[in-house]
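> return a 3D structure for these sequence lines:
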Amino acid sequence: MFRNTSWYIQRMSANPRLPALSGIFRFCFVSGALGGAGGLVLGTLASHLPDAAFAVPNGRGVLHTGVEILMWHAIALCALTLGAPLLGGRLVRLACLTMALGTILFCAPVTLYALFDLKIGTLSVARIAPYGGTLLIISWLLTAASGLRKASSDTL
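The predicted structure is shown next:
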């Protein structure tokens, strides 16, 4: 009836033993948790800094957008790592790493642009953000694929 009866019984017991996070998943979970803390700090700055503290016009709005993306993906990264045992192996690992990297590559340049208008040579650091956004989209597609793959290979 069940392919993996011991797993099912363990999950359904009153005191299930959950596998410990290790390796990539521990790194991604910690990254998500630190992202949540960083998002809270940046959100507080965005709310309380005077307009003159922002280096670009509408810097407050730019920073709020970066903070919103950071917070949502911090939560998603923590949830994805905790749900990883239920999803397909390599794809969910790749999804976690892609989400962590995409979050950094999107939110860091947006923050640096809003607060400092940082440039690398003559180019604004904000030009890196679309690469991070693309990685975030890919991470969500990998997450969906890992769920579909696991669902099609396991039957309860």
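
> okay, buried residues for the top helix by length along the chain please.
Longest helix in the chain by number of residues (criterion: DSSP state H): helix 89-116. Using 16 or more other C-beta atoms under 10 Å as the test for burial, helix 89-116 gives 91-115. For every residue, glycine as well, the C-beta is placed using N, CA and C.

> check stretch 131-145 too.
Gly132, Gly133, Leu135, Leu136, Ile138, Ser139, Trp140, Leu142, Thr143, Ala145.

> same for the helix or strand hosting the last one, what does it pack against?
Ala145 belongs to helix 129-153 when elements are defined using DSSP states H and E. Packed against helix 129-153 by the contact rule (3 or more C-beta pairs under 8 Å, 6 or more residues apart in numbering; DSSP states H and E) you find helix 59-83, helix 89-116.

> can you report phi and psi for Gly121?
phi 70, psi -120 (degrees, to the nearest 10).

> neighbours of Phe29, how many?
Neighbour count of Phe29, defined by other C-beta atoms under 10 Å: 20.

> ok, it touching Leu82?
Yes: applying C-beta atoms under 8 Å as the test, Phe29 and Leu82 come out as touching, 7.3 Å apart.

> intersection of neighbour lists for those two?
Taking C-beta atoms under 8 Å, 6 or more residues apart in numbering as the contact rule, Phe29 and Leu82 both touch Leu21.

> give me the residue at the spatial middle of this structure.
By C-alpha atoms, centre = their mean, the chain has its centre lying nearest to His73, at 3.5 Å.

> what's the separation between that one and Ala46?
17 Å (C-beta to C-beta, to the nearest Å).

> what of Pro85?
36 Å.

> repeat for Glu68
Taking C-beta to C-beta, one finds Glu68 at 10 Å from Ala46.

> in terms of neighbours, single out the busier of those two.
Ala46 (23 against 14).

> enumerate every residue touching the more buried one.
Residues near Ala46 by C-beta under 8 Å, 6+ apart: Arg60, Leu63, His64, Val67, Ala114.

> which one (most neighbours) among those residues?
Ranked by neighbour count (other C-beta under 10 Å), the contacts of Ala46 have Ala114 at the top, with 28 neighbours.

> quick check: Ala145 touching Gly89?
No: using C-beta under 8 Å, Ala145 makes no contact with Gly89, being 12.0 Å away.

> need phi/psi at Leu118.
Dihedral pair for Leu118: phi -70, psi 140, per degrees, to the nearest 10.
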